[in-house]
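Chemist: my questions concern the predicted model and sequence given below.
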Amino acid sequence: MGTEALLRLSNINLHYGSSHVLHDVSLELSDRPLGILGRNGVGKTSICNAIFGLEPITSGTIMLGDQDLSKLTPEKRAQAGLGYVPQGRRIFRSLTVEEHLRILERKGGNWTTERVYQTFPRLKERRRNLGDRLSGGEQQMLAISRALLLNPQVLVLDEPTEGLAPAIVTDVVELINQVAQEGTSVLLVEQNLHAALAAVQDVAIIVGGEVVERVTAEALENDPKMQKQHLGLEAAGA
Amino acid sequence: MRYFLVLIPLALLPLLLNDFWVSQVLTRALILGVIALSLSFLATYLGVVSFAQVTLAGVAGYAVAYFGPNTVGLGFPLPLYVSLPIALLLSMAAGALIGLVARRSRGIYAIMITLAIGVAFFYFTRQNYALFNGFTGFSGVIAPKMGEGNWGDPMPLYFLALGVSVICVVLVNGFVRSPLGLAVQAVRDAPGRLLALGIPTTYPIVAAFAFSGLIAGSGGILNVWFQERVSSFSVGIGPIIDVLIISVIGGLRHPTGAFVGAIVYVMLDIFAIDLIDRDRFNLLIGIVLLAIVMAAPNGLHQLAIDWVGKLRGRAEQPRTN
Amino acid sequence: MTLFFVVTLNGLTLAALYFLAASGFSLIFGLMRTVNMAHGALLLFGGYVGWSVVDATGLWALGVMAGGLAAALAGALVQIGVLGRMQGDELRQTLASIAISIILADLMLWIWGGTTYQVRTPSWLTGGTRIEVLGIGYATVRLYLMVFALSVGVGLWLFIQKTRIGAVIRAGVDDQDMLRALGYPINRIFVLVFAMGGMLAGMAGVIAGSALSIAPGTDLQFLLSSLVVVIVGGMGSVGGAALGALLIGLAEQYGLAYAPTYAAVVTFVIMVFVLAVRPQGLLGRAEA
């Protein structure tokens, strides 16, 4: 286990119509969890869309190990080893919890429906409930479980703590740490600085669709000026 | 200036061609072009593909037949200066009504609804005898007198159709620059934003449909004078698809492309007989439509522009290198 | 009273056919946002193939299966060859499917001519059945048609609600992009659903040819009824297709019997009314 990059984004540009959303974004993700931080609307979700091929990039490459993902369809990218926990969770509203897990379960994988139920007894209790009948926290657990069932090499989470109660935020952070320890690379896109710093070791800060800073989580934690400048926060955890 | 480059040859063409060409090719293409223009107008500026434009043309056509001379002994003859405005008002009112029904529908929903309206009108004309004379409709609907002959003769009708076409194109260009026309385009671009600003979208949508009714109705009146009859077949699924095909060939985002589409369509219709079995015309037109949709989704007009651009690009390349 | 019962049964017969036609149309729309204007052509194609098979073999059930399979294959080819290539561009898909329906209609006219066909039914389907409760007799084949439509409806519902593939289809209806980002090869599911829609249409064609008759124009008739049925009932739901078919089928027959001049308008008025009150259809979900 070295620090060799597993997921490598090189000079990604992305346009929505005539507006230039991502400017030469380059990121490297190794087995050290990486956080992408930035204010609302700076292009964080666009990075996820670019990684998963949900929006066509204008230029740049996306590599997973030796494999070039840039030209692949979203489904091929996921099969190559990417797991996605999207912003807003995007639970299938007409599927039950059980159905979510069953349609994605792979034989012989590290994560199975049984393991999900062991990890989240709450989901087992609610397994016959439809997706849109779950609470925000339950939906988030399901969204993460759904991605884990693919047994991905890289797990991308887009604002997984958004709108959750503080106690549940702690659970989510704990789970991310656990997943990372088991050898999955984690890319965490967050607005919640406190949660992000608890879950990742490295941080890239995005402003206006550009990567403006690359620091360790520790350095950012101890640099209120940088926090204020790029993230608009008075103090960490305020 | 550009317009005159097109118009002068069009005005001179009849001197070179016989009656068959003038009436069966040019006049027919102009009339179909006007009706298709009303569709392309909606598609371009409101972003709605309406299958009910033939219906609107039919409303005006039926009105002229009902309020004018015909040989079926039905209707209420009125002088031309009354019946023509009535016909156009009716097609505008019908357009407004369709706009009202379809106001909340976009994209494919609007297609389905306008298609359903068009076909319902078709069945209605077949079943109603009091106004539409059922299956057979109206015959002997001749154009008004003009000197020795009447406006329905090949030459006068050609120039009439040309004049109406020019007026319609000018009207469309004027409409889209007017405040109302800009509101229509704003609805196309961001209906949600307008509603959020508290600007109702119903009025521009209804107005755009009513305006398209005016254009389609003008074409419908010409068509009745050209055919000298109007019946349920004039508003059936056949003509509905024909007009759609014409707009698609010309490019749904290019209003004036409708005339290009119309001339291509009419030529295909007339000369296909030399290429293939007359009975297989639909096969040919289906394949043409499929080819256009697959290879040139923006129509021939855009295809030509692209080609010209490419040729120019290629010609310029050596210089830039 | 007898007239009323017969008209009601006629309405239910029509509703059963409309449902068989519209359910596949609605399924395809619900998942892919594709308005398949060639749906009526697939139905007529299935009907012709079924007629030819029954004519050659004398086996009615084989004809129904052959018609269904032929239309399923044609549907899958349409999706793979044309519509799948423009996925996401709904207008282009609509136009392309119109072109396909024109081409298919003309090819069928070429092969089977302009004659009206009636599929020969086996003896257990031929003749009439006395319905004692209502005190009338009614064509057996039509009664079985209603039973068939009902079982197709229940079967389709079970398939979508209870099977794994059904769950995948529902997930695709809910959020196509998310399903793809989770590694599901959605294009294969599209082809499958298109084939299923074609299958339902093809079987409906053979059955329409048995209970009524088929001829050039049948394709349009069923395409339009499917359009109206799903506009009224709501797109993408089996229940919506059933409710819409029931409303439109009955309204058409009552209209024809009691107000012949306005029969076509009755359907239209229902549609406009539903659009005004619930633009997404009676059982449809509002667009997100």
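Modeler: Great, that's in hand.
Chemist: which residues touch the residue nearest to the spatial centre of chain A?
Modeler: What sits nearest the mean C-alpha location of chain A, by Cα atoms, centre = their mean, is residue A:157, with 1.5 Å. The contact partners of residue A:157, by Cβ atoms under 8 Å, 6 or more residues apart in numbering or on different chains, come to A:85, A:144, A:176, A:186-189. Using the backbone N, CA and C atoms, a C-beta is placed for each residue, glycine as well.
Chemist: do residue A:73 as well
Modeler: Taking Cβ under 8 Å, 6+ apart, we find residue A:73 in contact with A:53, C:180.
Chemist: from residue A:171, how far off is the residue in the stretch 201-321 of chain B that chain A sits nearest to?
Modeler: At 16.0 Å from chain A, residue B:253 is the closest residue in the stretch 201-321 of chain B, using Cβ to the nearest Cβ. Applying Cβ to Cβ, to the nearest Å, the value for residue B:253 to residue A:171 is 52 Å.
Chemist: wait, residue C:266 touches residue C:252, no?
Modeler: Yes: contact status for residue C:266 versus residue C:252: in contact at 6.9 Å, counting by Cβ atoms under 8 Å.
Chemist: please enumerate the helices of chain B.
Modeler: In chain B, the segments counted as helices under DSSP state H are B:2-16, B:19-20, B:28-41, B:53-66, B:80-101, B:107-127, B:154-177, B:179-189, B:191-196, B:202-227, B:237-250, B:257-275, B:281-295, B:299-320.
Chemist: want to try JSON lines for these, with mean neighbour count and distance to residue A:226 as columns?
Modeler: Listed next are the helices of chain B as JSON lines, based on neighbours: other Cβ atoms under 10 Å in any protein chain shown; distance: least, Cβ to Cβ, whole Å:
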{"stretch": "helix B:2-16", "mean neighbour count": "11", "distance to residue A:226": "59"}
{"stretch": "helix B:19-20", "mean neighbour count": "11", "distance to residue A:226": "82"}
{"stretch": "helix B:28-41", "mean neighbour count": "29", "distance to residue A:226": "55"}
{"stretch": "helix B:53-66", "mean neighbour count": "30", "distance to residue A:226": "61"}
{"stretch": "helix B:80-101", "mean neighbour count": "20", "distance to residue A:226": "56"}
{"stretch": "helix B:107-127", "mean neighbour count": "23", "distance to residue A:226": "46"}
{"stretch": "helix B:154-177", "mean neighbour count": "18", "distance to residue A:226": "51"}
{"stretch": "helix B:179-189", "mean neighbour count": "17", "distance to residue A:226": "40"}
{"stretch": "helix B:191-196", "mean neighbour count": "12", "distance to residue A:226": "36"}
{"stretch": "helix B:202-227", "mean neighbour count": "26", "distance to residue A:226": "49"}
{"stretch": "helix B:237-250", "mean neighbour count": "25", "distance to residue A:226": "56"}
{"stretch": "helix B:257-275", "mean neighbour count": "19", "distance to residue A:226": "56"}
{"stretch": "helix B:281-295", "mean neighbour count": "18", "distance to residue A:226": "53"}
{"stretch": "helix B:299-320", "mean neighbour count": "12", "distance to residue A:226": "46"}
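Chemist: helix/strand/coil for the residue nearest to residue A:8 when sequence neighbours are not counted?
Modeler: Leaving aside its chain neighbours, residue A:8 sits nearest to residue A:63 (4.5 Å; criterion: Cβ to Cβ, 6 or more residues apart in numbering or on different chains). Recorded secondary structure, residue A:63: strand (DSSP: H, G, I helix; E, B strand; the rest coil).
Chemist: tell me who's in contact with residue A:63.
Modeler: Contacts of residue A:63 (Cβ under 8 Å, 6+ apart): A:7-8, A:10, A:69.
Chemist: can you say which of these are buried?
Modeler: A:7-8, A:69 (16 or more other Cβ atoms under 10 Å in any protein chain shown).
Chemist: among those residues, which one lies nearest to chain C?
Modeler: residue A:69 (12.3 Å).
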